[in-house]
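J.: Need coordinates for the following:
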Amino acid sequence: MANIKSQKKRVLTNAKATARNKSVRSAVRTSVRKVHEAIAAGDKSQATTLMQAASRELDRAASKGVIHANQAANRKSGLATAVDRMKD
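T.: You can find the predicted model right below:
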């Protein structure tokens with residue numbers, strides 16, 4: 001542990017930020033995985049609904065700075081393309 005007061009505070013705030021970022025990242029991964037599972041199952045209506053939820057999670061993560069805005073956009077685009085390619 002550091003001896004400098006400001007560094008002690010930074011260690012604590014970094015730990016809180018890491019925990020918060022981990023939670024947001026986990027939620028994003030879960031929502032994206034659910035979309036991929038719905039695509040694999042062939043359920044287009046459920047995949048569309050889950051894609052909208054995943055898009056919100058990706059936007060939330062980008063707004064919090066957990067992932068870059070362009071990464072969120074690319075992942076949303078990939079999900080939308082995958083859902084659109086599904087047969088009705």
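J.: For the protein, which residues score under the pLDDT cut-off?
T.: The model of the chain has no residue with pLDDT under 70.
J.: Work out which residue lies at the spatial centre of it.
T.: In the chain, the centroid-proximal residue (C-alpha atoms, centre = their mean) is Val28; its distance is 2.5 Å.
J.: Moving C-terminal from the longest helix along the chain, which element do we reach first?
T.: Longest helix of the chain, by residue count under DSSP state H: helix 5-41. Next in sequence after helix 5-41, counting helices and strands by DSSP states H and E, comes helix 44-63.
J.: Keeping just the C-alphas, turn stretch 45-52 into PDB.
T.: This file holds the C-alpha atoms of stretch 45-52, laid out as PDB (Å, rounded to 0.1, in the frame of the first residue of the first chain):
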ATOM      1  CA  SER A  45     -38.700 -12.300 -32.900                       C
ATOM      2  CA  GLN A  46     -36.900 -13.100 -29.700                       C
ATOM      3  CA  ALA A  47     -33.600 -12.200 -31.300                       C
ATOM      4  CA  THR A  48     -34.900  -8.800 -32.300                       C
ATOM      5  CA  THR A  49     -36.200  -8.100 -28.800                       C
ATOM      6  CA  LEU A  50     -33.000  -9.200 -27.200                       C
ATOM      7  CA  MET A  51     -31.000  -7.200 -29.800                       C
ATOM      8  CA  GLN A  52     -32.700  -4.000 -28.700                       C
END
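J.: what's it in contact with?
T.: Contact with stretch 45-52 is made by 31, 34-35, 38-39, 79-80, 83, 86, as judged by C-beta atoms under 8 Å, 6 or more residues apart in numbering. From N, CA and C alone the C-beta is placed, and that goes for glycine too.
J.: mind redoing it with 6 Å?
T.: If you take C-beta atoms under 6 Å, 6 or more residues apart in numbering as the criterion, stretch 45-52 is touched by 34-35, 38-39, 79, 83.
J.: The longest helix of the chain - contacts with which helices or strands?
T.: Counting contacts by 3 or more C-beta pairs under 6 Å, 6 or more residues apart in numbering; DSSP states H and E, helix 5-41 packs against helix 44-63.
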